[in-house]
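Student: Would you be able to build a 3D model of this:
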Amino acid sequence: MSSKRISRNQSQRQVVAVLYDYLTRLTLDESIDVYELLENSVATPFEDIDIYIKEVVIKAIKNHHQIVSLLETKMTSWTFARLNRLAQAILLLSVSHYRYVGDVDKKVVIDVAVRLAKLYLDKDEYKYINALLDNVL
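Tutor: A predicted model of the protein is given here:
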């Protein structure tokens, strides 16, 4: 069965949703099956999920602790855990895409993160996401 094509913007929003679900399950101390997480969050059989979504999500989860450590080295008077869960998901997406999936310009990653932050977060939170990623990537 062939999956329908979705835009990169749609894929990025789906990655944020999957990572938000992942972070929520971590907070609730629930076990996490990545295949089930992806299938339920995207509402599509695993084999039909866009490769970009699978790759970014799997690498973000696999490298979660390294990504958080990297981000926290640039966070003054703040911790990753104190951020809004949607902000956390956007940051995981951004760093995972840039460092582990690759083949993307830093400016493009930051632009995507800012767009997602403007879509999902409070009014000026995109500025923090922008500055943090500019320092980390």
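Student: Going by C-alpha atoms from here, please, whenever you check contacts or count neighbours.
Tutor: Fine.
Student: quick one, what contacts H97?
Tutor: When the contact criterion is CA atoms under 8 Å, 6 or more residues apart in numbering, the partners of H97 are 56, 104, 109.
Student: And for L133?
Tutor: By CA under 8 Å, 6+ apart, the neighbours of L133 are 91, 94-95, 110.
Student: picking up where we left off before, which of the contacts of H97 count as buried?
Tutor: 56, 109 (16 or more other CA atoms under 10 Å).
Student: So which of the contacts of H97 is the closest to V68?
Tutor: Nearest to V68 out of these is V56 (CA to CA; 15.3 Å).
Student: how about that closest one, what does it touch?
Tutor: Per CA under 8 Å, 6+ apart, neighbours of V56: 15, 93, 96-97, 100-101.
Student: ok, so of the residues you listed, who is nearest R115?
Tutor: L93 (12.8 Å).
Student: could you say what helices and strands the helix or strand containing that closest one packs with?
Tutor: Take DSSP states H and E as the rule and L93 turns out to sit in helix 85-96. Helix 85-96 sits against helix 8-27, helix 51-62, helix 64-72, helix 106-120, helix 125-136, with contacts defined as 3 or more CA pairs under 8 Å, 6 or more residues apart in numbering; DSSP states H and E.
Student: give the contact list for the spatially closest residue to L71 that is not a sequence neighbour.
Tutor: Spatial nearest neighbour of L71, excluding adjacent residues (CA to CA, 6 or more residues apart in numbering): V136 at 6.4 Å. V136 sits next to 70-71, 74 when contact means CA under 8 Å, 6+ apart.
Student: now with 10 Å?
Tutor: Residues counted as contacts of V136 (CA atoms under 10 Å, 6 or more residues apart in numbering) are 67, 70-75, 95, 106.
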